[in-house]
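**Student:** below are the sequence and a predicted model for it; my questions follow.
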Amino acid sequence: RGEYDPHFQGSERQSVPGWVGYLQHSSVNYFYSSGHLSLGRGNPYLFNMNESLLLNPNFAPAEFIWWQHEIQWFHFDWGILLLNKIETLNRFLTYHRYGITKQNWRIGFTEAIIGTYENWGASETGYIMPAAILLETEENRGINANLMWLLDGMIKWNNWTFYGEFLIDDFALDRESPPQIAGSMGLGRKFNKFLLNMEYTRINRWTGNYCDSLKRWIERDVPIGHLIGSDAHNLLINSYFPFNENLAVELSFNLMGSGDGTVLERLKDWPDDVPCETNFGKNNPPPSEKNTAYYAVGTLHYLFKKNIIANLNMDFRNNEALWNLSISYGYK
């Protein structure tokens, strides 16, 4: 039943009903001493210990360009993703990340936008230039788009790792609109070969949403940002233990609280009486009721050979159990 996979793009063949096959990732990558350039179809994402608030690795592959360049301690990332078409309009996502990386710490600032177009022109090209400042482009010469900022950081101290992200979707200085912000913070500890990590994530209501439905932070009904969606918070505890060179076990536990509705329903929710580019004012709806959910995941990794690995995944969610077996083969 691969046609139900949100990553699937194609048609089911009648010769083998229910089964589909498709190429999920294909790219050309050029590596040089100071960085790399990648062009193709796939899912470039921002690095984090688990999931980034801005770009995660779970939404459907898209055609992309990704350039990363390093000048000693300074890192620069430039990316373009061509998202799926909705109605008559095409969509694109572009981002710039400016980062400082040292031996034991790093910090970065990212600006990203989702925009739409019917016919590509000078206004759209202004957004995707590597040297563009997206806020300046939005204010002075660009099309209307959904702009986000992200600040990320990480510090390593002995066997400890501290990290976090802070995302701003929209923040009204006059306090007439609720702040559409999100944050995550975590710490990890290494005990010999055993790794333990704890992380807390909170995403405010309407973060990732937008008055224009085409500019919501969603791709093919999958959140582009963190998978818990808006109006939610999550506590994650995960661990990794290698028994030997061939066998390892990974365990994780999630406790999540969220508002009414599914992840997509919360990301698509917007007050009917609040038009674009206006404050919420007194139209701010009352707080939604909170729901609590939990799930635990266990994964067994077994390395048959240097290039063949099997992964057995067991997922327990609210009294339901799911399992998945995958085998990966790498060729060099």
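**Tutor:** Structure received.

**Student:** and the strands in the stretch 101-250 of the chain?
**Tutor:** Using DSSP state E, counting those that start in this stretch, the strands assigned to the stretch 101-250 of the chain run over residues 105-117, 146-157, 160-170, 180-191, 194-203, 218-219, 222-223, 232-242, 247-258.

**Student:** mean neighbour count added to the ones you listed, as a markdown table?
**Tutor:** (Each C-beta comes from the backbone N, C-alpha and C, glycine too.) Below are the strands of the stretch 101-250 of the chain laid out as a markdown table (neighbours: other C-beta atoms under 10 Å):
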| stretch | mean neighbour count |
| --- | --- |
| strand 105-117 | 20 |
| strand 146-157 | 18 |
| strand 160-170 | 19 |
| strand 180-191 | 18 |
| strand 194-203 | 18 |
| strand 218-219 | 23 |
| strand 222-223 | 19 |
| strand 232-242 | 18 |
| strand 247-258 | 16 |
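
**Student:** and those strands: which comes nearest residue 264?
**Tutor:** strand 218-219 (7.0 Å; C-beta to C-beta).

**Student:** show me what the mean pLDDT comes to for the closest one.
**Tutor:** Averaged across strand 218-219, the pLDDT comes to 92.

**Student:** just stretch 4-15 next, same as before
**Tutor:** Averaged across stretch 4-15, pLDDT comes to 73.

**Student:** how long is it end to end?
**Tutor:** End-to-end distance for stretch 4-15: 18 Å, by C-alpha to C-alpha, to the nearest Å.

**Student:** tell me which residues in it are buried?
**Tutor:** 8-9 (16 or more other C-beta atoms under 10 Å).

**Student:** which residues are in contact with it?
**Tutor:** By C-beta atoms under 8 Å, 6 or more residues apart in numbering, the residues outside stretch 4-15 that reach it are 2-3, 18-20, 22, 24, 59-61, 220-222.

**Student:** need those residues in TSV (columns: secondary structure).
**Tutor:** Supplementary listing: the contacts of stretch 4-15 in TSV, determined by DSSP: H, G, I helix; E, B strand; the rest coil:
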residue	secondary structure
2	helix
3	helix
18	coil
19	coil
20	coil
22	coil
24	coil
59	coil
60	coil
61	coil
220	coil
221	coil
222	strand
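
**Student:** how many neighbours does residue 83 have?
**Tutor:** Look at residue 83: counted by other C-beta atoms under 10 Å, it has 21 neighbours.

**Student:** distance to residue 28 added to the strands of the stretch 101-250 of the chain, as CSV?
**Tutor:** Formatted as CSV, the strands of the stretch 101-250 of the chain follow (distance: least, C-beta to C-beta, whole Å):
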stretch, distance to residue 28
strand 105-117, 24
strand 146-157, 28
strand 160-170, 30
strand 180-191, 33
strand 194-203, 34
strand 218-219, 22
strand 222-223, 25
strand 232-242, 32
strand 247-258, 32
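
**Student:** about what we covered before: the contacts of stretch 4-15: which two are farthest apart?
**Tutor:** Longest span within those, C-beta to C-beta: 18 and 59, 24.1 Å.

**Student:** who has more neighbours, those two?
**Tutor:** residue 59 (24 against 9).

**Student:** wait, the more buried one sits on residue 220?
**Tutor:** Yes - the criterion here is C-beta atoms under 8 Å, and residue 59 meets it with residue 220 at 6.8 Å.

**Student:** spatially nearest residue to residue 75 (excluding sequence neighbours)?
**Tutor:** Counting by C-beta to C-beta, 6 or more residues apart in numbering, residue 75 lies nearest to residue 99, which is 4.1 Å off, once chain neighbours are set aside.

**Student:** equivalent analysis for residue 24, please.
**Tutor:** That would be residue 61: by C-beta to C-beta, 6+ apart, it lies 5.5 Å from residue 24.

**Student:** ditto for residue 193
**Tutor:** Closest residue to residue 193 apart from its sequence neighbours, by C-beta to C-beta, 6+ apart: residue 242 at 5.4 Å.

**Student:** who does the one you found form a beta bridge with?
**Tutor:** Beta-bridge pairing of residue 242, defined through DSSP bridges, involves residue 248.

**Student:** give me the pLDDT for the residue nearest the centre of the chain.
**Tutor:** Compute the mean C-alpha point of the chain, and by C-alpha atoms, centre = their mean the closest residue is residue 56, 2.0 Å away. Looking at residue 56, its pLDDT stands at 89.

**Student:** contacting residues for it?
**Tutor:** Applying C-beta under 8 Å, 6+ apart, the residues near residue 56 are 45, 223-227.

**Student:** CA atoms only: put the helix or strand containing residue 309 into PDB for me.
**Tutor:** Under the criterion DSSP states H and E, the helix or strand holding residue 309 is strand 308-317. Extracted as PDB, the C-alpha positions of strand 308-317 are listed here (Å, rounded to 0.1, in the frame of the first residue of the first chain):
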ATOM      1  CA  ILE A 308      24.400  -4.300   4.900                       C
ATOM      2  CA  ILE A 309      22.400  -3.300   8.000                       C
ATOM      3  CA  ALA A 310      18.900  -4.500   9.200                       C
ATOM      4  CA  ASN A 311      16.700  -2.300  11.400                       C
ATOM      5  CA  LEU A 312      13.800  -3.700  13.400                       C
ATOM      6  CA  ASN A 313      11.500  -1.000  14.700                       C
ATOM      7  CA  MET A 314       8.800  -1.500  17.300                       C
ATOM      8  CA  ASP A 315       6.500   1.500  18.000                       C
ATOM      9  CA  PHE A 316       4.000   1.600  20.900                       C
ATOM     10  CA  ARG A 317       1.500   4.400  20.700                       C
END
